[in-house]
Every structure is written in C-alpha cells, then in structure tokens.
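Visitor: Got a sequence here, can you model it:
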Amino acid sequence: MLLEGPSPEKSCYAELFKTLMIDPTKSVGLVYWDILILTCLVSCAVVGPYEAAFITPKLDALFVYNRVLDFLFFCDMILQFFTAREDPTSEGMLVTDPVQIARDYVYFWF
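Guide: Sure thing, here's the model as predicted:
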C-alpha cells in the first residue's frame, strides 16, 4: 500500500513524480541495479587502495574506469530520490512524497 504524497494542487510536478516513483517491493530492475552498485563498491574497496599506494595518477584505462564508477554512483544518488521508502510509522506502507524522501535521504546520509 502506498501513502499518498502532496496533493496535485500543491505542486504541478506531483503527478510527474508519482509516475516516476519506483516501488522497491515490485521492481526487479532495482534489484539488478543494487547488485551493480554493490559490485562497484567492492571494486572500489579492492582497486582504490591498491591504486592509491602503487600507481601514479595518469590518463589511462583505470582513470576512465574510475570516472565510469563515479558516474554510476552519481546516478545511484539521483535514483534514491525516485525510490519509495518504507514508512517507519506504518508497517507495510511506502512513502512516495518526493520532499519527504529527499529529506530522509539527506538527513540519513549527511
């Protein structure tokens, strides 16, 4: 069950956000995305320290690989604003209000 976000009169973008909102309980693509991001994190944890300790910085394939990882992590940050969250006060309910999701994301990670 989804909790409703702001009323359409409140924001002209409310309907757009409602159609773009991802339900994490039903999205198979989100599971694959999470696996991709987990793989990127493991790669950073393994390659990053080795690169910092033993490799001099230069424009090569590793540099491009790191920029691709940066881009994927940036896309993941944006995706978080379009993914519904479980409501901590109501079991089984999802928060779809983009303002509340953004507030929760910024409060939790920063």
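Visitor: any idea how far stretch 27-41 is from the chain center?
Guide: On the basis of CA atoms, centre = their mean, to the nearest Å, stretch 27-41 is displaced by 10 Å from the centre of the chain it belongs to.
Visitor: For it, C-alpha coordinates in PDB please.
Guide: Extracted in PDB, the C-alpha atoms of stretch 27-41 (Å, rounded to 0.1, in the frame of the first residue of the first chain):
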ATOM      1  CA  SER A  27      10.900  -3.500  -9.100                       C
ATOM      2  CA  VAL A  28      13.100  -6.300 -10.500                       C
ATOM      3  CA  GLY A  29      15.300  -3.700 -12.200                       C
ATOM      4  CA  LEU A  30      16.100  -2.100  -8.800                       C
ATOM      5  CA  VAL A  31      17.400  -5.500  -7.600                       C
ATOM      6  CA  TYR A  32      19.800  -5.700 -10.600                       C
ATOM      7  CA  TRP A  33      20.800  -2.000 -10.100                       C
ATOM      8  CA  ASP A  34      21.600  -2.700  -6.400                       C
ATOM      9  CA  ILE A  35      23.800  -5.700  -7.500                       C
ATOM     10  CA  LEU A  36      25.600  -3.500 -10.000                       C
ATOM     11  CA  ILE A  37      26.200  -0.800  -7.300                       C
ATOM     12  CA  LEU A  38      27.400  -3.500  -4.800                       C
ATOM     13  CA  THR A  39      29.800  -4.800  -7.400                       C
ATOM     14  CA  CYS A  40      31.100  -1.200  -8.000                       C
ATOM     15  CA  LEU A  41      31.600  -0.700  -4.200                       C
END
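Visitor: got any ranges where this structure has weak pLDDT?
Guide: 1-15 (pLDDT under 70).
Visitor: Quick one: the strands in the protein, in order.
Guide: Listed in chain order, the strands of the chain (DSSP state E) span 2-3, 85-86, 94-95.
Visitor: all helices of the protein, in order?
Guide: 14-20, 28-54, 61-80, 98-109 (DSSP state H).
Visitor: what's next to the third one, contact-wise?
Guide: When contacts are defined by CB atoms under 8 Å, 6 or more residues apart in numbering, helix 61-80 is touched by residues 22, 33, 36-37, 40, 43-44, 47, 51, 55, 57, 101, 105. For every residue, glycine as well, the C-beta is placed using N, CA and C.
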